[in-house]
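1. for reference, the sequence and a predicted model appear below.
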Amino acid sequence: MSKSISDTGRIEVTYRLVCDPHEAETLARKIAYEQTVELPEHMVTDPDVLELVVGRIESVTVSDDHALASISFNPELCNSQLPQLLILIFGNASIFPGVRIVDLRLPPGLLSCFNGPGFGIDGLRHLLGVYDRPLLASAIKPRGAPLDAMAKMAGAFARGGGDIIKDDQNLVDSLTDFKKRTGACYDAVRKANEESGRNCLYFPHVSAPVQELEGYFEYIKRVGIKGVLLCPMILGLDTVRSLASQYALIMMAHPALTGSYTNSTEQGITHEVLLGTLFRMAGADISIFPNYGGRFSFSRTECNAICERLTEPLAGLNTSFPAPAGGMQYDDLPELCSVYGEDAVFLIGGSLQGHDPDLVAATRAFQDRIREYFTERLETPAQEFLPACEIPGSVRAIAQHQLIFCQDYNWEDRESIAYKPDDELSFAGVRRIELMGQHGEKTAFDLRYFEIEPGGYTSLEKHRHAHVVIAVRGIGVIIACDRCDIIRPMDIAYVAPMEIHQIRNNGSEPFGFFCIVDHDRDRPIAP
């Protein structure tokens, strides 16, 4: 097995076991074997299997009514996949009575295989131009309201100064009706933004058979909607991860169906592991959860734990906005501001609508109340997407069957954009053009053109995925591990997974090259 992931540590899972105290050690060992080899312990004798495959019992702590078992796993066993990770840590063990995951800690090498939130807190604030206070969100409801009433509601919230207006998760349509409804709501929000100069965001709810999702997302990208509301436990965590990676949209995650996993103290997964760690790994930029004291049963401790998992350092993954929701009232705002601080999204639906028949006035009242506790800082909202891992330019989200080559190594309908954010790994004098793969083409790869100025260089980094480099202009140098290769036009170079590499231009003319990479790929890793 490759050691590139396992060298950074093991997957550590803490299980809460409700069983006879004298049987806790036996149950822990049963989980360790069931989750890895699915054989009785006495049948596993191969030293390599025992060392590299079987879960390792790190500790078992017994108390009066339960035990805590810490079991670690070789991260290579999940094959860098979210579905396999879930199978590894809780597949068959979830069927055992009295077994609950209460903590999950993942090694940096494994986390580097996941993109996580594409925008995160910083990227979303950049798009909104709103800093130093919580964001105010609301929901379009109820289902069955006339289309013009829904659009009017969205526009009024935007004119009142709201930050995010989303569909209610019950709003589900055929693609034809989806286009009519979301188009009307988006137009209403866009017109309000033009009047105010701000950038309230509209997130439609997408729920459809898997084979139909593509049509919904292509429409959303084409019209310019910046984000969506998804239910990860309905669509599937890895489906959400794939959609986040493929479409570069803000992902607002709804907790529908999560209660069957989180609400029992004796079974399932804790709130913070599911709604925090796992939703964040799946790409949720915003994770909605029921606020304590509302119409659901979450405690303040549980809500704080979710917030901690969404915002704590996680091997380079962007942080996610916690979004408390459910039964929050105008008079609750002082306490909410104190408990959650500035990096939160307050999702307030019915009570905001009921505060004043004039939704513009109601939104303004809630927003003014929040500003009493924070010194708001506004900047000009970003005009383009800014996923926090890359800086795309003004690209069209429509696939082109032919790209026309222009002078100075440019292409029609494709713009040169920044290589990557200035605050990431060091580089100099590099431009990038996303040619194929990021504009709606159905490819398993992305085709990019990079150009390095004389004296410039790319960042020194490594990836879990491979690169293919095809030189087309000038002369460059590829530094990879222990070799240094000169590459000229029409030369082809291969950079293997996890090879530390850098491309430099030591000449006096620009060096340009095509780069082919996996469409679904990991983030750059510092050496």
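-> Received, thanks.
2. can you read off the backbone torsions of the residue nearest in space to the middle of the chain?
-> With distances taken as C-alpha atoms, centre = their mean, the residue of the chain nearest its centroid is Gly283 (1.6 Å). According to degrees, to the nearest 10, the main-chain angles of Gly283 amount to phi 110, psi 10.
3. so who does the nearest residue to Gln169 once chain neighbours are set aside touch?
-> Of all residues not flanking Gln169 in the chain, His254 sits nearest, at 5.0 Å (C-beta to C-beta, 6 or more residues apart in numbering). No exception for glycine: its C-beta is placed from N, CA and C like everyone else's. Going by C-beta atoms under 8 Å, 6 or more residues apart in numbering, His254 touches 169, 205, 229-232, 288.
4. would you turn those residues into a markdown table with secondary structure?
-> Listed next are the contacts of His254 as a markdown table, based on DSSP: H, G, I helix; E, B strand; the rest coil:
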| residue | secondary structure |
| --- | --- |
| Gln169 | coil |
| His205 | strand |
| Leu229 | strand |
| Leu230 | strand |
| Cys231 | coil |
| Pro232 | helix |
| Ile288 | strand |
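5. format those residues as TSV; extra columns: pLDDT and distance to Cys515.
-> TSV is the format used below for the contacts of His254 (pLDDT from 0 to 100; distance: C-beta to C-beta, whole Å):
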residue	pLDDT	distance to Cys515
Gln169	95	39
His205	98	36
Leu229	98	34
Leu230	98	31
Cys231	98	36
Pro232	98	32
Ile288	99	37
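6. most widely separated two among the residues you listed?
-> His205 and Pro232 (12.6 Å; C-beta to C-beta).
7. neighbour-wise, which of the two wins?
-> More neighbours surround Pro232 than the other of His205 and Pro232, with 26 against 23 (other C-beta atoms under 10 Å).
8. surely that one is in contact with Ala253?
-> Yes. Using C-beta atoms under 8 Å, Pro232 is in contact with Ala253, at 5.3 Å.
9. mutual contacts of those two, please.
-> Counting by C-beta under 8 Å, 6+ apart, the residues touching both Pro232 and Ala253 are 240, 279, 282, 284.
10. what's the closest of those to Phe298?
-> Among the shared contacts of Pro232 and Ala253, and counting by C-beta to C-beta, the member closest to Phe298 is Phe279, at 14.9 Å.
11. residues near the closest one, how many?
-> Neighbours of Phe279 (other C-beta under 10 Å): 30.
12. what residues does it make contact with?
-> 232, 237, 253, 287, 310, 320.
13. adding secondary structure and distance to Val430, write those residues out as a markdown table.
-> Output for the contacts of Phe279, formatted as a markdown table (DSSP: H, G, I helix; E, B strand; the rest coil; distance: C-beta to C-beta, whole Å):
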| residue | secondary structure | distance to Val430 |
| --- | --- | --- |
| Pro232 | helix | 35 |
| Leu237 | helix | 34 |
| Ala253 | strand | 34 |
| Ser287 | strand | 34 |
| Leu310 | helix | 32 |
| Ser320 | coil | 29 |
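14. any quick ChimeraX command for the buried ones out of those residues?
-> Listed next is the ChimeraX selection for buried residues among those, using 16 or more other C-beta atoms under 10 Å:
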select :232,237,253,287,310,320
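15. could you identify the most distant pair in the contacts of Phe279?
-> Maximum pairwise distance among the contacts of Phe279 (C-beta to C-beta): 15.3 Å, between Leu237 and Leu310.
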